[in-house]
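# no sequence on this one, just coordinates:
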């Protein structure tokens, strides 16, 4: 695969990365608010973004004008330790940042046959396109809940996808996932990828090599995002 024209910022540790990434993010959100009165931030879950969330929540920003949603979510109750919404509430939506307008992606109280359509409706009511989508990456090359060779992956990663949200079965066989499609993620004004540690660095290097998107779905971002993509990478 030909390397795209993304920007890369490298740091020695995740502790050094977090405040720099947060400051960069806040600048994008402030610019969006100045331009159109509101900003839409899409974030991801997992353990990697916790320090970034905590740093971002402490920055001066008109949080009442910031909409926040998730790139993907497990179908679990909000108080589950596996809930991305819980992570966002406990680490990002604190202090002044609690004034942000948070729209969860999933709602486990809804019947499974209704949840996907309701999630799509909630996302459709946000101020699209997103000003910034923050992504992570798994050691298998997945991002959001775009898992390698998952059923429905081709439609999910399509920038022209008809749906805003897709249902994806995770390879761990546990909860059903809801994930934003390429129509939301790949059409964002800015996309950031946060990578920490040598294992993720090796995965990212492999993703930059020739190979099918189905094997490493992060390649869908590398192919489509171009200069909208900024990579924040920490060696440890």
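Structure received. Bear in mind the structure is a predicted one, so any value in this text is a computation, not a measurement.
# what's the longest helix in this structure?
If you go by DSSP state H, the chain has its longest helix at helix 14-36.
# Okay, buried residues for that one please.
Using 16 or more other Cβ atoms under 10 Å as the test for burial, helix 14-36 gives 14, 17-19, 21-22, 24-26, 28-30, 32-33. Placement of C-beta: from N, CA and C, glycine included.
# relative orientation of the following helix or strand past that helix and helix 14-36 in degrees?
Using DSSP states H and E, the helix or strand that follows helix 14-36 in sequence is strand 39-43. Per axes from the mean of the first three to the mean of the last three Cα atoms, to 10 degrees, the angle that strand 39-43 makes with helix 14-36 is 150 degrees.
# Paired strands for strand 39-43, with orientation please.
Strand pairing for strand 39-43, using DSSP bridges, gives strand 66-70 (parallel), strand 132-135 (parallel).
# Reformat those strands as JSON lines; add mean neighbour count and mean pLDDT.
As requested, the strands paired with strand 39-43 are exported to JSON lines (neighbours: other Cβ atoms under 10 Å; pLDDT from 0 to 100):
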{"stretch": "strand 66-70", "mean neighbour count": "23", "mean pLDDT": "98"}
{"stretch": "strand 132-135", "mean neighbour count": "25", "mean pLDDT": "98"}
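# Mind checking the ones you listed for the one nearest to residue 8?
Evaluated with Cβ to Cβ, the strands paired with strand 39-43 place strand 132-135 nearest to residue 8, the distance being 14.3 Å.
# Starting from the closest one, tell me the next helix or strand along the chain.
helix 153-156.
# Show me which residues of that following helix are buried.
153, 156.
# what's the average pLDDT for it?
Taken as a whole, helix 153-156 has a mean pLDDT of 96.
# Can you work out which other helices and strands pack against that helix?
Here helix 153-156 touches strand 165-169, going by 3 or more Cβ pairs under 8 Å, 6 or more residues apart in numbering; DSSP states H and E.
# Pull the distance from the strand it packs on to the chain's centre.
With Cα atoms, centre = their mean, to the nearest Å as the basis, strand 165-169 stands 15 Å off its chain's centre.
# Tell me the strands beside it, with direction?
Sheet neighbours of strand 165-169, with direction, are listed as strand 176-180 (antiparallel) (DSSP bridges).
# after the partner strand, next one along is what?
Downstream of strand 176-180, the next assigned helix or strand under DSSP H and E is helix 182-185.
# same for the following helix or strand past that following helix, what does it pack against?
Counting by DSSP H and E, the next helix or strand C-terminal to helix 182-185 is strand 191-196. Counting contacts by 3+ Cβ pairs under 8 Å, 6+ apart, strand 191-196 packs against helix 14-36, strand 132-135, helix 218-225, strand 229-234.
# Now name the helix or strand holding the closest residue to residue 25 other than its chain neighbours.
Spatial nearest neighbour of residue 25, chain neighbours left out: residue 56 (5.7 Å); criterion: Cβ to Cβ, 6 or more residues apart in numbering. Residue 56 belongs to helix 50-57 when assigned by DSSP H and E.
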